[in-house]
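Engineer: sequence and predicted structure are below.
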Amino acid sequence: MKLLIVAVIILGVAWWVWNKNRPGSLRPPGTANLDEETAIRPEVDPAAVAAARARVSQAVPDELLQDALLDATPQQVARLFAAVPADVMANALGQTQNTPHTQASAEQLAQLRGAGDAVDDLEIFKFD
């Protein structure tokens, strides 16, 4: 019985290692080794880019998808971009015209100053 349990554990670990290192895997390569400026960026699997492209707006550049796919699967990237409102995405991609914002009224500015003074009075940084 013990031999059977050990064999199942060994087979499970071997299967996990084989699936993890399989060349056609859509697993993200990660960015853990990209801390240095001279670090070489890992290649993103073209199948992962194609899978993400099928689920994400065509307005999102491939370079942005490739950056996202360094740390996420195509499914995670699709959920991430789906959660971003269309107007926010358009602003991020520079696809909207800048509209002038209205100036804050004197009453709003006074209210903000009052809030700032209240925070200053909290003395949360006093370490006596």
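Structural biologist: Structure's in. What do you need?
Engineer: switch to C-alpha atoms for all contacts and neighbour counts from now on
Structural biologist: Will do.
Engineer: for the residue with the shortest distance to the centre of the chain, which non-adjacent residue is spatially closest?
Structural biologist: Centroid-nearest residue in the chain: A68, 6.0 Å away (criterion: CA atoms, centre = their mean). Spatial nearest neighbour of A68, chain neighbours left out: V77 (6.6 Å); criterion: CA to CA, 6 or more residues apart in numbering.
Engineer: returning to that earlier point: and the gap between the residue nearest to the centre of the chain and M1?
Structural biologist: 46 Å (CA to CA, to the nearest Å).
Engineer: go on, Q95?
Structural biologist: Taking CA to CA, one finds Q95 at 65 Å from M1.
Engineer: which one of these two is surrounded by more residues?
Structural biologist: Ranked by neighbour count (other CA atoms under 10 Å), Q95 and M1 place Q95 first, with 12 against 6.
Engineer: looks like T96 contacts V88 (just checking).
Structural biologist: No. Checked against CA atoms under 8 Å, the pair T96 and V88 is beyond contact range at 9.6 Å.
Engineer: ok so, going back, any idea which element the residue nearest to A68 lies in?
Structural biologist: In this structure, V77 sits in helix 74-82 according to DSSP states H and E.
Engineer: who does that helix touch, helix- and strand-wise?
Structural biologist: helix 46-55 (3 or more CA pairs under 8 Å, 6 or more residues apart in numbering; DSSP states H and E).
Engineer: and the next element down the chain from the helix it packs on?
Structural biologist: Assignment by DSSP H and E places the next element after helix 46-55 at helix 62-68.
Engineer: would you put the C-alpha positions of that next one in CSV?
Structural biologist: Extracted in CSV, the C-alpha atoms of helix 62-68 (Å, rounded to 0.1, in the frame of the first residue of the first chain):
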residue,chain,number,x,y,z
ASP,A,62,0.6,44.0,-29.3
GLU,A,63,3.5,45.4,-27.3
LEU,A,64,1.1,46.0,-24.4
LEU,A,65,-0.3,42.5,-24.6
GLN,A,66,3.2,41.1,-24.6
ASP,A,67,4.1,43.0,-21.5
ALA,A,68,1.0,41.9,-19.7
